[in-house]
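Colleague: this is the structure alone, sequence omitted:
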């Protein structure tokens, strides 16, 4: 299906003019690494023959911290993972906790979550396109994308008061309902957005420099992509239609229509195409959800049995006994605050598969909260993708994987 | 799915400790027969290793766990769309597990992270180094007996040096 990566030429080196491999340190403060990623490159001329990504510069120990926080408090931590699309992180945390607690979310809340999730996808993809194009050398795309991303951030500000770290979703539903103004804003946005995508495409779609820099770069075959654990648009660019919104639908994705765009060759250009088509699908999903929102006018946005924001440390079985002086006292034995057990939830975040595995021991804090983030896996695949390419292509590869270091290091 | 579990029961009877079905079908397997089971599952079509993580069950109150650590695998079959969990208990004194890098390349970093956080060594891993923590870090942060905040005398030596330089 795909051609192999470029073969390294002139591999035979005679002993007389043997040269030591040249090591280059890219990052951690390099603008094109999208954060604090450090890559130790082993070079032969300008060709990369080895690459060792060093991560951990943004490691804040979210998994350890979450073990000391209340369930609802961990959602605030989740904002800081993938700070480009923080709603997606909120949603996956809540889905896992709801599975653990056995809470069914009301339909209106599901629709609202779907809308903000897709808004996050569009704004994340816009930021990706802006920086990816900027890295490769197309400055003007950056300005166009940021202009339109600003509109979405303004809507986010109207929804929950925050532009980047939303904490909008909570266990059992969402925090606030949409006002009429927000719905009108969103309708207007969905009307205008498809033309804006066409605008970006006219800028770079047939641009010769863009094509030269993205076509046939970092080709991944479908089988290798699955084996490397790549997910999201990167995997779909290789032609595998694996989208969790379709495979294991959550929220309101089972009741909306959308297509899963896939690529053919699995090169950087295909992944770009997949993301552009995904933005159109997201736009369509938002529109459908807005229409459905009318049907649920006035319904609750929070499940009735949703837990309080702060769970109590201990709960005693209600077994009131009248006390001659103190009135009623509870003397029952202690019961778990939340059900004991484990839950696994995964969603299609803008960057790929985002999964949470939570284990509860019955107290108000999670025993273990494991977060599987797409950026972590994607960075681990860089050495495979880049072997045999030039240094300049490395910048394109980092861009095409769409990594966020907050997401990777946790 | 049921047929597959039946097959597992038949083939790996002496290694499987339990079949659970709380939120997902789950196989708890002994470390001895683990590699064969994973090879079998890969051949059955579980081609996507979603996640690999360690869990520390030190003083876990709700139930008595056989061993202190557990390594948990989440597998997905892209053809039949089945999600499966595999758990392997790991004793504290003999803290190692077989590596699955040869089956799924994505396990490489997951295992490095698990070693970094829990100190579980993976036999057969090509390059087992610390990943998120600095290379000269002492201790395994996600273990339950590791404090959230280290006392001042136990702090990382580079951090101490930086503080000393700053106070001058």
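Modeller: Received, thanks. Model, not experiment: these values are computed from the prediction.

Colleague: which residue packs closest to the residue of chain A found nearest chain B, ignoring adjacent ones?
Modeller: The nearest approach of chain A to chain B comes at residue A:229, 2.7 Å away (CB to the nearest CB). Any C-beta I mention is one placed from the backbone N, CA and C, and that applies to glycine too. The shortest distance from residue A:229 to any non-neighbouring residue, by CB to CB, 6 or more residues apart in numbering or on different chains, is to residue B:106 (2.7 Å).

Colleague: who's in contact with the spatially most central residue of chain A?
Modeller: In chain A, the residue lying closest to the centroid (CA atoms, centre = their mean) is residue A:349, at 3.6 Å. Listed by CB atoms under 8 Å, 6 or more residues apart in numbering or on different chains, the contact set of residue A:349 reads A:82, A:85, A:88, A:89, A:92, A:232, A:374.

Colleague: now swap in residue A:117 and tell me
Modeller: A:87, A:88, A:91, A:251, A:347.

Colleague: can you pull the phi/psi pair for residue A:191?
Modeller: Per-residue torsions, residue A:191: phi -70, psi -40 (degrees, to the nearest 10).

Colleague: per-residue pLDDT, it?
Modeller: Reported pLDDT at residue A:191 in the predicted model: 91.

Colleague: next one: residue A:123
Modeller: Residue A:123 carries a pLDDT value of 91.

Colleague: would you turn the contacts of residue A:117 into CSV with distance to residue A:166 and pLDDT?
Modeller: As requested, the contacts of residue A:117 are exported to CSV (distance: CB to CB, whole Å; pLDDT from 0 to 100):
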residue, distance to residue A:166, pLDDT
A:87, 5, 90
A:88, 10, 90
A:91, 10, 91
A:251, 16, 84
A:347, 15, 91
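
Colleague: tell me who's in contact with whichever residue of chain B sits closest to chain A.
Modeller: Closest residue of chain B to chain A, CB to the nearest CB: residue B:106 (2.7 Å). If a contact means CB under 8 Å, 6+ apart, then residue B:106 has A:227, A:228, A:229, A:377, A:380, A:381, B:49 as its contacts.

Colleague: could you pick out the residues of the stretch 51-200 of chain A near chain B for me?
Modeller: Within the stretch 51-200 of chain A, the positions adjacent to chain B are A:55, A:56, A:59, A:61, A:63, A:64, A:65, A:68, A:99 by CB under 8 Å from any CB of the partner chain.

Colleague: ok, 10 Å please
Modeller: A:52-59, A:61, A:63-65, A:67-68, A:96, A:99-100 (CB under 10 Å from any CB of the partner chain).

Colleague: show me where chain B has its strands.
Modeller: Ranges of strands in chain B, per DSSP state E, are B:16-21, B:25-29, B:48-56, B:69-77, B:82-90, B:96-98, B:121-123.

Colleague: so, low pLDDT: which residues of chain A?
Modeller: Per-residue confidence for chain A (pLDDT under 70) gives these ranges: A:1-19, A:317-322, A:326-332.

Colleague: centroid-wise, who is the farthest residue in it?
Modeller: residue A:324 (58.3 Å).

Colleague: quick one: strands adjacent to the helix or strand where residue A:342 lies?
Modeller: Per DSSP states H and E, residue A:342 falls inside strand A:341-349. Sheet pairing for strand A:341-349, assigned by DSSP bridges, gives strand A:352-360 (antiparallel).

Colleague: and the partner strand with strand B:82-90, angle?
Modeller: Relative orientation of strand A:352-360 versus strand B:82-90 (axes from the mean of the first three to the mean of the last three CA atoms, to 10 degrees): 50 degrees.

Colleague: gap between the residue farthest from the centre of chain A and residue A:259?
Modeller: According to CB to CB, to the nearest Å, residue A:324 and residue A:259 sit 71 Å apart.

Colleague: with residue A:351 instead?
Modeller: For residue A:351, the distance to residue A:259 - CB to CB - is 20 Å.

Colleague: ranges for the helices of chain B?
Modeller: Listed in chain order, the helices of chain B (DSSP state H) span residues B:2-11, B:34-44, B:107-118, B:157-167.

Colleague: any chance of those helices in JSON lines with mean neighbour count and mean pLDDT as columns?
Modeller: As requested, the helices of chain B are exported to JSON lines (neighbours: other CB atoms under 10 Å in any protein chain shown; pLDDT from 0 to 100):
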{"stretch": "helix B:2-11", "mean neighbour count": "12", "mean pLDDT": "75"}
{"stretch": "helix B:34-44", "mean neighbour count": "17", "mean pLDDT": "86"}
{"stretch": "helix B:107-118", "mean neighbour count": "24", "mean pLDDT": "90"}
{"stretch": "helix B:157-167", "mean neighbour count": "10", "mean pLDDT": "84"}
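
Colleague: quick revisit: what's the least confident stretch among the strands of chain B?
Modeller: strand B:16-21 (a mean of 79).

Colleague: residue A:281 belongs to a helix?
Modeller: Yes: secondary structure of residue A:281 (DSSP: H, G, I helix; E, B strand; the rest coil): part of a helix.

Colleague: do I have it right that it meets residue A:246?
Modeller: No: taking contacts as CB atoms under 10 Å, residue A:281 lies outside contact range of residue A:246: 11.1 Å.

Colleague: looking at these two, which has the bigger crowd around it?
Modeller: residue A:281 (19 against 15; other CB atoms under 10 Å in any protein chain shown).

Colleague: what about the residues of the stretch 51-200 of chain A next to chain B, which are in helices?
Modeller: Among these, the members falling in helices are A:63, A:64, A:65, A:96, A:99, A:100 (criterion: DSSP H).

Colleague: most neighbours of all the residues you listed, which one?
Modeller: Busiest of these [other CB under 10 Å] is residue A:96, holding 27 neighbours.

Colleague: all strands for chain A, in order.
Modeller: Under DSSP E, chain A gives strands at A:22-26, A:38-44, A:47-54, A:169-170, A:173-174, A:315-316, A:320-323, A:327-330, A:334-335, A:341-349, A:352-360, A:366-372.

Colleague: ok so, going back, nearest to residue A:223, out of the helices of chain B?
Modeller: helix B:34-44 (12.5 Å; CB to CB).

Colleague: and the angle from the closest one to strand B:82-90?
Modeller: 170 degrees.

Colleague: report the longest helix in chain A, please.
Modeller: helix A:107-136.

Colleague: could you give the angle of that one to strand A:341-349?
Modeller: 50 degrees.

Colleague: sorry, back to before: and which of the ones in helices among the residues of the stretch 51-200 of chain A next to chain B is nearest to residue A:386?
Modeller: Nearest to residue A:386 among these, counting by CB to CB, is residue A:63 at 28.7 Å.

Colleague: and the closest one, what is it in contact with?
Modeller: Contacts for residue A:63 (CB atoms under 10 Å, 6 or more residues apart in numbering or on different chains) come out as A:74, A:77, A:366, A:368-371, A:410, B:53, B:113, B:117, B:141-142.

Colleague: out of those residues, which two sit at the greatest distance?
Modeller: A:74 and B:113 (19.3 Å).

Colleague: how about residue 25, nearest residue that isn't a chain neighbour?
Modeller: No chain specified, so I'll use chain A. Distance criterion CB to CB, 6+ apart; nearest residue to residue A:25, sequence neighbours excluded, is residue A:40 at 6.0 Å.

Colleague: not quite, go with chain B.
Modeller: Per CB to CB, 6+ apart, closest to residue B:25 is residue B:84, 5.7 Å.

Colleague: who's the one you found bridged to?
Modeller: residue B:75.
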